[in-house]
Every structure is written in structure tokens, then in C-alpha cells.
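kindly generate the corresponding structure for this input.
(2 chains)
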Amino acid sequence: MEEKILQLLKSLKILQPEKGFLERSKNLIISAPQKQFPGLVRGVLDSLKLSMALSLASLLLFVVIGGFSYLNLQKVSPGAVSLINEAKLRSEASNLDFQIQLGEVKYYLESDEAIGAEIDKLLDELTL
Amino acid sequence: MLEGEDKLINRAKKGEKECFGQIYDHYTPQIYRFILLKVTNRYEAEDLTHDVFLSAWQNLRGYKSQGFPFSSWLYQIARNKVIDHYRTKKFHANVDELDESAVKLVDMTENNLEKILSLEVIQKAMRNLGPEQQDVLIMKFIEDLPHRDIAATLGKSEGAVRLIQHRALNALREQLGDRSADGESE
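Presented below is the predicted three-dimensional model:
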């Protein structure tokens, strides 16, 4: 049964279009203009895709490089390092230390005087 | 596949009408058969076949080969045209109103089974199948296309195409069996 069906299906190949129709149809078709839009639109879309890809790649590269520069600014970035003057920093640090020491001396002197005055006052009271 | 098809297509893309004419001559019979077995008469089939090749010619510059034969693209256009045809006309084929002049009947002097399994009957039986089942049977058994190309045309896997083919043959066998039983009872 199945073989017979397949045989009959194959024999449907005898169905053919009429020659008159073929000639008429072909002449009408090839005399029609081809559409320009699909090619143009496709070209524009392709170029858009390319430019989008390039833009995104550039943006990604910028973000990656920028991120590294920001994170490693003090260690890596040669521009940032060149701005730092080591001698100046040292003098600033030593001056700071010196000022702290002077402040301490002044404090001790003032506190010594106050304590001495208080002790004198107490001794006077005791002697009375 | 047409000899030197890629070159012909490229030249036709550039507007060379003779090259598209060769493509037309080669593929029209099979696209016409494909459509004729899905519509009700040869006039509709001719109109739709004309529309298929007109669309192909007009949109040829947008065609990009994706490793499948050019015929796959033509079959896809033909399927869409047939779908649009039925959608716009809201028309359902009535098998009793079919134009049978397109079908050459087998020798009616043969035995009863061969009378039943005539081309006319199988054509009518095929019209009762689903569109995809029709597509697969036509492309596989009438046009001898490989499963790979049919799968590409239908946008399905080869396995799915084989399954549709199996079901289509079963459905056809059932229908023809019913007709055979009706014929014997008459």
C-alpha cells in the first residue's frame, strides 16, 4: 500500500504549467524593476551594526582603562607620581613634628606654672 | 540544483534578466506543482506562481545564501503566498469543486485498488492533510528533496520533518483505506 502511495506521489510530477503561462509570466516578471530598498536598508543596518559594535568596544575599553587608572592612581599612574615632591613632603612632615613639639613644651610650661601656683596656695593654707 | 546557480544568482542580483530567466525556467515547474497541490485550481496556482517569482525577482538583492539551495528560499516564498492567499480570501477548498483537468488519471482499466489510488484521488486526499504534511510529502516524494533542505524550508529540524512525513503517510494511508472501503461497499 505504502509503496503504491509513494509511486503515485512521484507520478504527480506530471503536473506541469502551460508553456503560454510560463512565457507570459516570465516576460512580465523580468520587465518589472528590482527593489532597491532591501539592499540599501540592509547596507545601512549592516553599517549601523558595525558602528554600534565599534562604539561599544571603545566604551568598554575606556571603562576598563579608566577603572584601572582610578584604582591604582597612587601606585601606577606615572602622571600622579610626578606631581608628588618628596623633599617638600619631608619638610612639611618635619615642620609638623617641630610644631607639635613646641606645642607640647608650651603646654608643659603653662601647666607647670599653674600646678606650682596651686601648690603654693595649698602650702599657704596649710601653714596658716 | 541548477548548474552554475550561484553565478546566475549573483548576475541576476545585478539586474541581468536573462540569468533570472534561466532560474525561472528551471524552478517554475516544481514551485507550480507545489502550489497547485495546495490550491483549488490551476488558475490560482498560476497566479500564485507568478507572484512567487515576481517577489523573488524584486527582492533578489536582499537574498543571502545560507548554505541551502536557492529552491528553499523559493519554497518559503511560495508557502507564504499560499498562506496569504487563504488568509485574504478566507476560502476553504471544497474537494468536490476541484478542477481536475490538471490531473492526468491513471489507467482506469486496471483493477479496483489502482482505480482508487489514482492521481485524482491522491490529490484530493493530500488536500485533506495539514499544510506542513502537504509540504513535506510534496518536497520529499514529488520533488525528491533531501530532508535537510526540507527542514531548512520549513524552519524545523530534520527529525521533526521525518516525524511529519511519517504522520502524513499514515494519514494518507488511512484516507485512501477509507476510500477503498467506501468503494468496495458501493
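
give me the below-cutoff pLDDT ranges for the chain.
Because you didn't say which chain, this covers chain A. A:37-43, A:72-84, A:97-99, A:128 (pLDDT under 70).

hmm, no, I was thinking of chain B.
B:90-118, B:178-186.

let's see that with 50 instead.
B:91, B:93-98, B:100-110, B:112, B:116, B:185-186 (pLDDT under 50).

OK, now which residue of it is nearest to chain A?
Here chain B gets closest to chain A at one residue, residue B:62, 3.2 Å apart by CB to the nearest CB. In this view, the C-beta of every residue, glycine as well, is placed from N, C-alpha and C.

that residue: how many residues sit nearby?
Applying other CB atoms under 10 Å in any protein chain shown, we find 15 residues neighbouring residue B:62.

and the next helix or strand past the host helix or strand of residue B:125?
Element membership for residue B:125 (DSSP states H and E) is helix B:119-127. Moving toward the C-terminus from helix B:119-127, the next helix or strand (DSSP H and E) is helix B:131-137.

would you put the C-alpha positions of that following helix in CSV?
The C-alpha coordinates for helix B:131-137 follow below in CSV (Å, rounded to 0.1, in the frame of the first residue of the first chain):
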residue,chain,number,x,y,z
PRO,B,131,-0.2,22.3,5.3
GLU,B,132,3.0,21.1,6.8
GLN,B,133,2.2,17.5,5.9
GLN,B,134,1.4,18.5,2.4
ASP,B,135,4.7,20.5,2.2
VAL,B,136,6.8,17.5,3.4
LEU,B,137,5.1,15.0,1.1
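
helix or strand next in line after it, which one?
helix B:147-154.

now find how far off-centre that next one is within its chain.
13 Å (CA atoms, centre = their mean, to the nearest Å).

next up, phi/psi of the residue nearest to the spatial centre of chain A, please.
What sits nearest the mean C-alpha location of chain A, by CA atoms, centre = their mean, is residue A:63, with 2.6 Å. For residue A:63, the backbone dihedrals are phi -60, psi -40 (criterion: degrees, to the nearest 10).

and it, how close does it get to chain B?
Noted for residue A:63: a distance of 35 Å to chain B, by CB to the nearest CB, to the nearest Å.

outline the domain layout of chain A.
Chain A breaks down into these domains under automatic domain parsing: A:36-84, A:85-128.

report the distance from the last one to the chain centre.
For domain A:85-128, the distance from its own C-alpha centre to the chain's C-alpha centre is 53 Å (CA atoms, centre = their mean).

now swap in stretch B:26-36 and tell me
Worked out by CA atoms, centre = their mean, stretch B:26-36 lies 7 Å from the chain centre.

would you tell me whether it gets close to chain A?
Yes: if you take CB under 8 Å from any CB of the partner chain as the test, stretch B:26-36 does meet chain A, through B:28-29, B:32-33, B:36.

so can I have CSV of those residues showing neighbour count, secondary structure and distance to residue B:18?
Below are these laid out as CSV (neighbours: other CB atoms under 10 Å in any protein chain shown; DSSP: H, G, I helix; E, B strand; the rest coil; distance: CB to CB, whole Å):
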residue, neighbour count, secondary structure, distance to residue B:18
B:28, 21, helix, 15
B:29, 16, helix, 19
B:32, 27, helix, 21
B:33, 22, helix, 25
B:36, 25, helix, 27
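
one step back: other SSEs contacting the helix holding residue B:125?
If you count contacts as 3 or more CB pairs under 8 Å, 6 or more residues apart in numbering or on different chains; DSSP states H and E, helix B:119-127 packs onto helix A:2-11, helix B:131-137, helix B:158-185.

list the contacts for residue B:69?
With contact taken as CB atoms under 8 Å, 6 or more residues apart in numbering or on different chains, residue B:69 is in contact with B:1, B:5, B:149.
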